[in-house]
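A.B. asks: Sequence plus the predicted model coming up.
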Amino acid sequence: MSDKRKLQITEDEIQSIKAFRNIKDDSIATILSIAKATFFKKGEVLFLEKDQINRFYAILSGKVTMSRYSGWGQKRIFFILGDGELINEVVFDDLPVSVVCEIFEDAVILEFRKDDFLAIMEKDFTLTLNIMNSIGKKQRRLYRQLKNTVPIKMDKRLAAKLWKLSRDYGIEQNDWTMIDLKITVTYLSYMLGSSRETISRAMKILIDTGIIKWDDKMLLVKVEELLDYYRH
């Protein structure tokens, strides 16, 4: 962590954060004046479960994961968050953090003192509404994940997860869609709360079916076929 770089940022970069769009000009100027941008390397930890933090974070570039560990030490990833997303809107409830935030790909993270940011929100209802919408979006994602915890075969759960990742991070390549994440079987096991061996078996089923394939460590999928596979 000692080589972490503090970076200069611009007003345009502040406005690249989704929750900071269409807010007052004064709010943009104030956010720019209080923001601290820091470069983090893959694998570094931004905060740990049960930490008591008074900082509010947003992703200028790169990706982070939000995860928890079970009582048996098994890691479960709930979210992969990317460019322009907020990380910990729940910091405003003054409770200890309930998840671990780890840098998934090299990232530039914006940091704000909670009290400073609350002062801006008090004067800008659009900013407050954008923060609420971001919280709501995460809640809906959690509800979808809860729906997928019902007892269904792992290959179908994996198909559903890959379909969602392809929607969030997909890049079309002829008849395929490349998931633009350096995803691994191990990370998929964290996301689905299962063992690496079980995910490997489910991957083989989808590969044999012809709806996913590896290409130089990148995962390519057929989006519509994945959705059909999950539903039937």
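C.D. replies: That came through, no problem. Please read these numbers as outputs of a predicted model, since none were measured by experiment.

A.B. asks: longest helix of the protein?
C.D. replies: Secondary structure of the chain per DSSP state H: the longest helix is helix 125-147.

A.B. asks: Mind listing what's buried along that one?
C.D. replies: Using 16 or more other C-beta atoms under 10 Å as the test for burial, helix 125-147 gives 127-128, 130-131, 134, 138, 145. Where C-beta positions appear, they are placed from N, C-alpha and C, glycine not excepted.

A.B. asks: now, which of those sits nearest Ile34?
C.D. replies: Within those, proximity to Ile34 (C-beta to C-beta) peaks at Leu127, which comes in at 13.2 Å.

A.B. asks: Let me see the contact set for that closest one.
C.D. replies: Taking C-beta atoms under 8 Å, 6 or more residues apart in numbering, we find Leu127 in contact with 19-20, 23-24, 27, 120-121.

A.B. asks: Run the chain-centre distance for the longest helix of the chain.
C.D. replies: Average the C-alpha atoms of helix 125-147, do the same for its chain, and the two points are 13 Å apart (C-alpha atoms, centre = their mean, to the nearest Å).

A.B. asks: Restricting to C-alpha, output that helix in PDB.
C.D. replies: Below are the C-alpha coordinates for helix 125-147, written out as PDB (Å, rounded to 0.1, in the frame of the first residue of the first chain):
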ATOM      1  CA  PHE A 125     -31.900  17.000  -3.800                       C
ATOM      2  CA  THR A 126     -31.000  15.600  -7.200                       C
ATOM      3  CA  LEU A 127     -27.700  14.300  -5.800                       C
ATOM      4  CA  THR A 128     -29.500  12.800  -2.800                       C
ATOM      5  CA  LEU A 129     -32.000  11.200  -5.200                       C
ATOM      6  CA  ASN A 130     -29.200   9.800  -7.300                       C
ATOM      7  CA  ILE A 131     -27.600   8.200  -4.200                       C
ATOM      8  CA  MET A 132     -31.000   6.700  -3.200                       C
ATOM      9  CA  ASN A 133     -31.400   5.300  -6.700                       C
ATOM     10  CA  SER A 134     -27.900   3.700  -6.500                       C
ATOM     11  CA  ILE A 135     -28.900   2.000  -3.200                       C
ATOM     12  CA  GLY A 136     -32.100   0.800  -4.800                       C
ATOM     13  CA  LYS A 137     -30.300  -0.600  -7.800                       C
ATOM     14  CA  LYS A 138     -28.000  -2.700  -5.500                       C
ATOM     15  CA  GLN A 139     -31.100  -3.900  -3.500                       C
ATOM     16  CA  ARG A 140     -32.700  -5.100  -6.700                       C
ATOM     17  CA  ARG A 141     -29.500  -7.000  -7.700                       C
ATOM     18  CA  LEU A 142     -29.500  -8.600  -4.300                       C
ATOM     19  CA  TYR A 143     -33.100  -9.700  -4.700                       C
ATOM     20  CA  ARG A 144     -32.200 -11.300  -8.000                       C
ATOM     21  CA  GLN A 145     -29.400 -13.200  -6.300                       C
ATOM     22  CA  LEU A 146     -31.800 -14.400  -3.600                       C
ATOM     23  CA  LYS A 147     -34.100 -15.700  -6.300                       C
END
